[in-house]
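Asks: here are the coordinates; sequence isn't available:
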């Protein structure tokens, strides 16, 4: 006999014309782990915010332990036994772990907050759930993984029956993720139900008993994880069969587009990050850069993009300037060694930056403005310093359609969109300038499965149209499946060139480790990471 | 002692100040007493007004309307006392006005999410306009403010007569510093207030009613602004003039920053301002330096600039100060 902890009936929430949640019904029983799976923007966060009382539903009913009264706010939700770990941590950075955990239900003795008692309670919780934290540490000094433990303890300190975790693994390392999945299972076994949001299929299969799939704000499926595999979940999530491998024809490389010779670049601390590096990218091919993060990839990309000045060597962009770089108008060979970003762009370099929030777009600008950030002074979009709104809007309407950017309209604030849609804006903008060289750094980081597939297909399309592509990614699967040629970078040098179709993982792992010590360990790690895409059982 | 450890630097500074004061007292008793007395009477309204700022910003609301709150309260306190013939009624009316003006700022900025700077400016302009318009010459207070001696404490040499002998508002200022100090760092109210000022969404999701706490704190802070105003027109002097507060509400914001949003440190900062002004006045009065009076009166404002330049980047305001709270917008 299981107790029904939570029942949602026809929950609906609209934001203007956007249907964040539409007629969603689901239930959670005591002692089970339930996953909410969906692409970015499917409405998962909105749904759990309503359960926690942060957002009020437009229609529908949320029943907690048979109680049908609407949830008036977080304190009401807490009082009814619901705890939540938010995607963006809700911790006061300048306060200690203990202060954060007891905030809102502080033990009092003689009119003061009884910090010794609070500290003892935190220690006790920490021991009971195997979540190690220092009760006296200040939040600002803790790494994100530890901050999340504090968040979980904070929720558990309220004696919750139902713990909601909103994308808990997004910020965790693989080891921390496994640890969290273990904690979730243990909680369920001790009678606390867990609802967690994710778009990672492996986690659903590893930790959940049941999964609800959300798409476009609607609940499109409910399955027990015992009855489904990754491919099945992926199909439910995006509504069609996903091609996990990238479909592409063999490359037809043309003349050389990018030539980097003997390049030296320093990192932020002034230490050499790229040393005597040479590489070449030809038109119509995708060159993947494989390597453990922090081996000079970022500095190399920034040097080519003009964001970082090299300390030595040469960067040249070549091409006839007729088939590509149509908007740029630059012809022949251009020396980009000391060029600033605007010159690099004018010469035909497109750049999908690694950190899209910082370098990719302006969150407070509209989608339309973000789509012309690279060319806002171009004669297409401005004449004598006055912007041509009609042309900018036409451009946005066309690209939004073409790149499937899901939003209420072209004047929506870019910052309000999901990660996948933001990245589509960046990719759309960079490709719309028809670059001779496209540099894509971590193009699918934090992006849902459906958008990953779409972005990959666009990169391949750019290649087929004759652009040279330099791909940098921390996902080995992405590098191997998308690239025509793979260069291995280690400690600022290119240490090998391999054929992605034939290379084996252990071998590339050895190369990424510099071909020397810990080669086997690293190969193992990458091998394990690669299984994310394969069957989980 | 956790308290000693937590406030090591502050206590060391305070101790050094006390020692220095007694050394000076031993050298020239009369001069030191009068200088410290001047400094404290200069500091009282600044301490109270700085506490207004501390309470507001610690809960996430910037209050630049302190000047207006003080001015309005000083006006009402003076005329209520003069017209009714009761000092008590005047004092209560002054503090009541402060409370009302505090509530004005609270409801406009917290409840209706008006821009905090604009709401504060509105307060200042309205207070200046109304008090100037309704000001009438020729009224006097029915009596001078009675002086109270705190038993035992007032017999401490040097400090006793200065801090523990005086009008009700000067004593109230000391009590307010101690109460808010203890409250902010040791009580449930204080922990929640600081959380609300640093990260209101974190407090909200922990079940703290952010809006209610901000309304409460900003309104109650108005009471202190009222006390500061009433002090000026009833205790420090027995008069009221147009523009009577002379920028003290803004000075108090500088003191709040210099005091790192801490009640005790703000009191020390205010005393420092008082001492500097007192010293300058003393030097000029004794003709040690011959500079025009106007320059001496300018000193607190010049000092403000210097202090803000020095403090900038060394102290950190509460992270959410100035940001209206919108539920669920985390």
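Replies: It's in. Predicted model, so just to flag it, every value in this text is computed and none were measured.

Asks: did I read that right, residue A:6 in a helix?
Replies: No. Residue A:6 sits outside any helix when classified using DSSP: H, G, I helix; E, B strand; the rest coil, being strand.

Asks: List the residues that contact it.
Replies: Neighbour list for residue A:6: A:27, A:28, A:51, A:62, A:63, A:64, A:65, A:82, A:162, A:193, A:195 [criterion: C-beta atoms under 8 Å, 6 or more residues apart in numbering or on different chains]. (C-beta placed from N, C-alpha, C; glycine too.)

Asks: for residue A:118, same thing?
Replies: The contact partners of residue A:118, taken as C-beta under 8 Å, 6+ apart, are A:98, A:99, A:101, A:102, A:106, A:107.

Asks: for those residues, which one is nearest chain B?
Replies: Closest approach to chain B among the contacts of residue A:118 (C-beta to the nearest C-beta): residue A:106, at 4.8 Å.

Asks: Let's verify that closest one: helix, strand, or coil?
Replies: coil.

Asks: so how many other residues sit close to it?
Replies: 19 (other C-beta atoms under 10 Å in any protein chain shown).

Asks: for the one 5 residues further on, same thing?
Replies: For residue A:111, the number of neighbouring residues by other C-beta under 10 Å comes to 11.

Asks: cool, residue B:259 as well?
Replies: Neighbour number of residue B:259 under other C-beta under 10 Å is 26.

Asks: Need the nearest residue in space to it, chain neighbours excluded.
Replies: Once flanking residues are discounted, residue B:259 sits nearest to residue B:266: 3.1 Å by C-beta to C-beta, 6 or more residues apart in numbering or on different chains.

Asks: Check which element follows whichever helix or strand that neighbour is part of along the chain.
Replies: Applying DSSP states H and E as the criterion places residue B:266 in helix B:263-285. Counting by DSSP H and E, the next helix or strand C-terminal to helix B:263-285 is helix B:293-311.

Asks: List the residues that contact residue 266.
Replies: Defaulting to chain A. A:272, A:273, A:299, A:311.

Asks: right idea, wrong chain: chain B
Replies: Here residue B:266 is in contact with B:47, B:50, B:51, B:54, B:177, B:255, B:256, B:258, B:259 (C-beta under 8 Å, 6+ apart).

Asks: For those residues, which single residue is the most surrounded?
Replies: residue B:50 (33 neighbours).

Asks: Of the contacts of residue A:118, which is the most crowded?
Replies: The residue in these with the most neighbours, by other C-beta under 10 Å, is residue A:101 (29 neighbours).

Asks: quick one: contacts for that one?
Replies: Contacts of residue A:101 (C-beta under 8 Å, 6+ apart): A:118, A:121, A:122, A:125, A:150, A:153, A:154, A:157.

Asks: taking the contacts of residue A:6 one by one, which sit in strands?
Replies: A:27, A:28, A:62, A:63, A:64, A:82, A:162, A:193, A:195 (DSSP state E).

Asks: returning to what we had before: state the mean pLDDT of the helix holding residue B:266.
Replies: Taken as a whole, helix B:263-285 has an average pLDDT of 88.

Asks: Report the inter-axis angle for that helix versus helix B:293-311.
Replies: Angle of helix B:263-285 versus helix B:293-311, following axes from the mean of the first three to the mean of the last three C-alpha atoms, to 10 degrees, is 150 degrees.

Asks: Next, count neighbours for the closest residue to chain B within the stretch 301-450 of chain A.
Replies: Closest contact between the stretch 301-450 of chain A and chain B, by C-beta to the nearest C-beta, is at residue A:416 (11.2 Å). Neighbourhood size, residue A:416 [other C-beta under 10 Å]: 15.

Asks: Quick check: the gap between it and residue A:409.
Replies: Residue A:416 sits 12 Å away from residue A:409 when distances are taken as C-beta to C-beta, to the nearest Å.

Asks: and residue 189, what does it touch?
Replies: Here I'm looking at chain A. residue A:31.

Asks: Can you look at chain B instead?
Replies: Applying C-beta under 8 Å, 6+ apart, the residues near residue B:189 are residue B:183.

Asks: and it, backbone torsions?
Replies: Dihedral pair for residue B:189: phi -60, psi -40, per degrees, to the nearest 10.

Asks: gap between it and residue B:321?
Replies: Distance from residue B:189 to residue B:321, by C-beta to C-beta: 18 Å.

Asks: With residue A:437 instead?
Replies: 46 Å.

Asks: One more: residue A:213?
Replies: 43 Å.

Asks: if you count what's nearby, which of those two comes out ahead?
Replies: Neighbours around residue A:213 and residue B:321, counted as other C-beta under 10 Å, are more numerous at residue A:213. The numbers are 26 against 19.

Asks: Surely residue A:233 and residue A:208 touch.
Replies: No. Applying C-beta atoms under 8 Å as the test, residue A:233 and residue A:208 come out as separate, 10.2 Å apart.

Asks: hey, where'd the helices end up in chain B?
Replies: All helices of chain B, identified by DSSP state H, fall at B:2-6, B:8-27, B:29-58, B:66-84, B:87-106, B:116-134, B:159-163, B:168-186, B:188-198, B:200-205, B:210-230, B:248-258, B:263-285, B:293-311.

Asks: and the angle for the longest one with helix B:248-258?
Replies: I take that to be helix B:29-58. Using the same axes, to 10 degrees: helix B:29-58 against helix B:248-258 is 80 degrees.

Asks: Now helix B:29-58: buried residues?
Replies: Within helix B:29-58, the residues that count as buried by 16 or more other C-beta atoms under 10 Å in any protein chain shown are B:32-33, B:35-58.

Asks: Next: the fourth one.
Replies: Applying a neighbour-count criterion of 16+ other C-beta under 10 Å, the buried positions in helix B:66-84 are B:66-82.

Asks: How about the fifth one?
Replies: With burial defined by 16+ other C-beta under 10 Å, the residues of helix B:87-106 counted as buried are B:87, B:90-106.

Asks: surely residue B:96 meets residue B:226?
Replies: Yes. Counting by C-beta under 8 Å, residue B:96 does reach residue B:226; the two are 6.8 Å apart.
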